[in-house]
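Q: next input, structure requested:
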Amino acid sequence: MEISLQNQVAVITGASSGIGKGIAASLASAGATVVINYPVEKSFPDAQAVLKEITDAGGKGITYQCDVSKEDEVIAMFKDVVAELGTVDILINNAGIQKDAKFTEMTLDQWNAVIGVNLTGQFLCAREAIKEFLRRGIDPSRSVACGKIIHISSVHEIIPWAGHANYASSKGAIRMLMQTLAQEYGADKIRVNSICPGAIQTPINKDAWSTPQALNSLLTLIPYNRIGQPQDIGNLAAFLASDLADYITGTSIFIDGAMTTFESFSTGG
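A: Numbers count the residues shown, from 1 in each chain. Just a heads-up that it's a prediction; the model follows:
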């Protein structure tokens, strides 16, 4: 079986590094034209580097600056992408941040910043994507589905995380957003799923793997005994966006080396 996303346009938020970069590469290699979203001007060189890797490998794409927590910027991004590339077939809701603090010391600004990007950003992008899916309708030359949305959540949609109440709350809420959209738009043949990564080797969690001691400590939480790579997430995203996954919707798929089996209980807890 070959995963094919030929003739499809995929918007990947937060794609200038980390998991988003891995997803953009995987979707482009499957034939999609990718929109590499990045949040601020200083991220432009990183986004351009991602695009160059993709085009050097024979893929197609563009870059686009947009802060997904801002409604006007999200609306403009989808309008501009449709004007330039014709439509949007796939949305990868990946952009996310962390602003960690002990709960009693967490500021409202820290709470709002994380909820704004991680949850409100996914709401805004999904809303604009669904509007475009419904406007275009099903085009069998592109896909048997009207559109595909993949939310990037986390193992922390089910695992509490002390010191990260804002982050864990945003990811728990993504699960309900995803399931509600899958329920509400299933009859329109719009598929909506979540990918829930565990420990993935990216800049956002560098402190957890950058030294042998830190990595060894992290691996005590992962029965499969390796840290995940962005390509692991990219491979799954490409499959979920393809027609091979046409009957998969409304579900969270954990890709975590079995972290959610709680390895500390392997010897009795």
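
Q: check which helix or strand covers L5.
A: Under the criterion DSSP states H and E, no helix or strand holds L5.

Q: kindly report the same for S16.
A: Counting by DSSP H and E, no helix or strand carries S16.

Q: ok, it to I23 distance?
A: Remark: distance between S16 and I23 (Cβ to Cβ, to the nearest Å) = 12 Å. Glycine gets a C-beta too; all of them are placed from N, C-alpha and C.

Q: what residue is smack in the middle of this protein?
A: N94 (2.7 Å; Cα atoms, centre = their mean).

Q: pLDDT-wise, which helix or strand of this protein ranks last?
A: Sorting the helices and strands of the chain by mean pLDDT, DSSP states H and E puts helix 212-219 at the bottom, at a mean of 92.

Q: what is the rounded mean pLDDT of whichever helix or strand comes after it?
A: Using DSSP H and E, the helix or strand that follows helix 212-219 in sequence is helix 230-241. Regarding helix 230-241, the rounded mean pLDDT is 98.

Q: just stretch 104-116 next, same as before
A: Stretch 104-116 carries an average pLDDT of 98.

Q: and for stretch 262-269?
A: pLDDT averaged over stretch 262-269 gives 78.

Q: now do that stretch: everything it contacts.
A: Stretch 262-269 is contacted from outside by T220, L221, I222, P223, using Cβ atoms under 8 Å, 6 or more residues apart in numbering.

Q: quick one, phi/psi of the residue nearest to the centre of the chain?
A: phi -110, psi -30 (degrees, to the nearest 10).

Q: where's the residue lying closest to Q231 once chain neighbours are set aside, which helix or strand?
A: In space, and not counting its chain neighbours, Q231 is closest to G22: 5.1 Å by Cβ to Cβ, 6 or more residues apart in numbering. Assigned by DSSP H and E, G22 belongs to helix 18-29.

Q: how about the strands in the stretch 1-150 of the chain?
A: 9-12, 33-38, 60-65, 90-93, 147-152 (DSSP state E, counting those that start in this stretch).

Q: could these go into a markdown table alongside distance to I75 and mean neighbour count?
A: What follows is these, written out as a markdown table (distance: least, Cβ to Cβ, whole Å; neighbours: other Cβ atoms under 10 Å):
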| stretch | distance to I75 | mean neighbour count |
| --- | --- | --- |
| strand 9-12 | 13 | 28 |
| strand 33-38 | 14 | 27 |
| strand 60-65 | 13 | 18 |
| strand 90-93 | 14 | 30 |
| strand 147-152 | 17 | 27 |
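
Q: now for those, which one comes closest to I174?
A: Closest approach to I174 among the strands of the stretch 1-150 of the chain is made by strand 147-152 (5.2 Å; Cβ to Cβ).
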